[in-house]
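Colleague: Based on what follows, work out the 3D shape:
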Amino acid sequence: MNSKYPQKPGLDFILKQAFFYWNKTLVFQLMFSIMYFGIFLTVFFMCDMKYGIIGEFNEVGKYMQDGMKVYMEQLNKLVSTDNYQNFSLWIMGTTIFLYPLNLGFFQIYRKMDTGEKPELSDLFAGYNGLNFFRYVSYYIFWYFIYRFTFPTIILAVAWVCITLFVAPMMFFMNKTIFESLSLSFKAMKVYFLEILVCVMIAIIFKYIGFALFFIGGLFTFPFWNAVIYSLYKTIFSEKM
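Modeller: This is a model prediction of the structure:
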């Protein structure tokens, strides 16, 4: 399959298209969030019961009254403990395991485009056969670079923008990670402003549901996938 860049799309078109996909799949958005947070929070609280990290953080928080320097010293002691390291590994592993769940929305949105009826089982498209290992491998690669760049903020945002189309290209075009990364980087250079603005809006909308009315976050949390698909569909064309 080949890809090309058509005439530059307008931001309003990309975002309207993203909101259309999201609005038409609210039931799937809710099911995604219930499964995602159900698994994540179950692991989180089970690990806390074993390692007591929340209690440890509460104890460290008491040192805030002694000044930031003392607080940071105590915090650094906590994060260097075996309990914290084990807790972090469990949380990281859970996040990695849940990542392929996002790929299901690409299949759902594509079915909408082709006039097919999406099914709940489509949410698990990223777990079918070798797909799981492909996307987990990619996310591990993505995650470690993201963690390394996160303290700089700017580099982390750049990494998100550069890799925005890797997953959909792997899913629809059957590209390798590095083939997809190369094409995604080229698209980012051409459509930098459109991609950056869409990423910012997607992040804000993704979490605004939790800020304004907690239960609403279950619907807005997966919105990110609709934005990625809308951008991908608008910027790339697929040909056999």
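Colleague: what pLDDT does the closest residue to Tyr229 other than its chain neighbours get?
Modeller: Nearest residue to Tyr229 in three dimensions, chain neighbours excluded: Tyr109, at 4.7 Å (C-beta to C-beta, 6 or more residues apart in numbering). In short, each C-beta sits where N, CA and C put it, glycine included. Tyr109 carries a pLDDT value of 97.
Colleague: From the contact counts, what lies against whichever strand or helix holds Tyr109?
Modeller: Here Tyr109, judged by DSSP states H and E, is contained in helix 103-114. When contacts are defined as 3 or more C-beta pairs under 8 Å, 6 or more residues apart in numbering; DSSP states H and E, helix 103-114 packs onto helix 26-51, helix 166-172, helix 223-235.
Colleague: how about a markdown table for those helices, with mean pLDDT and distance to Tyr63 added?
Modeller: Conversion of the helices and strands packed on helix 103-114 to a markdown table gives the following (pLDDT from 0 to 100; distance: least, C-beta to C-beta, whole Å):
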| stretch | mean pLDDT | distance to Tyr63 |
| --- | --- | --- |
| helix 26-51 | 95 | 20 |
| helix 166-172 | 95 | 41 |
| helix 223-235 | 94 | 36 |
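Colleague: Gly93: which of those is closest?
Modeller: Closest approach to Gly93 among the helices and strands packed on helix 103-114 (C-beta to C-beta): helix 26-51, 8.4 Å.
Colleague: Tell me the buried residues in that closest one?
Modeller: Burial within helix 26-51, assessed by neighbour count using 16 or more other C-beta atoms under 10 Å, is assigned to Phe28, Gln29, Met31, Phe32, Ser33, Tyr36, Val43, Phe44, Cys47, Asp48, Tyr51.
Colleague: From the contact counts, what lies against that helix?
Modeller: The helices and strands touching helix 26-51, judged by 3+ C-beta pairs under 8 Å, 6+ apart, are helix 82-98, helix 103-114, helix 217-220.
Colleague: Shouldn't Leu164 be within a helix?
Modeller: No - judged by DSSP: H, G, I helix; E, B strand; the rest coil, Leu164 forms no part of a helix; its state is coil.
Colleague: Please look at it and Asn225 and confirm they touch.
Modeller: No - taking C-beta atoms under 8 Å as the definition, Leu164 is not a contact partner of Asn225, at 11.3 Å.
Colleague: between the two, who's got more neighbours?
Modeller: Applying other C-beta atoms under 10 Å to Leu164 and Asn225 shows that Asn225 carries more neighbours, namely 28 against 24.
Colleague: didn't that one look like it was pressed against Pro100?
Modeller: No - counting by C-beta under 8 Å, Asn225 sits too far from Pro100 to count as a contact (12.0 Å).
Colleague: Tell me the spacing between the residue at the greatest distance from the centre of the chain and Thr163.
Modeller: Among the C-alpha atoms of the chain, the one most distant from their mean position (C-alpha atoms, centre = their mean) is that of Asp66, at 37.3 Å. The spacing between Asp66 and Thr163, counted by C-beta to C-beta, to the nearest Å, is 41 Å.
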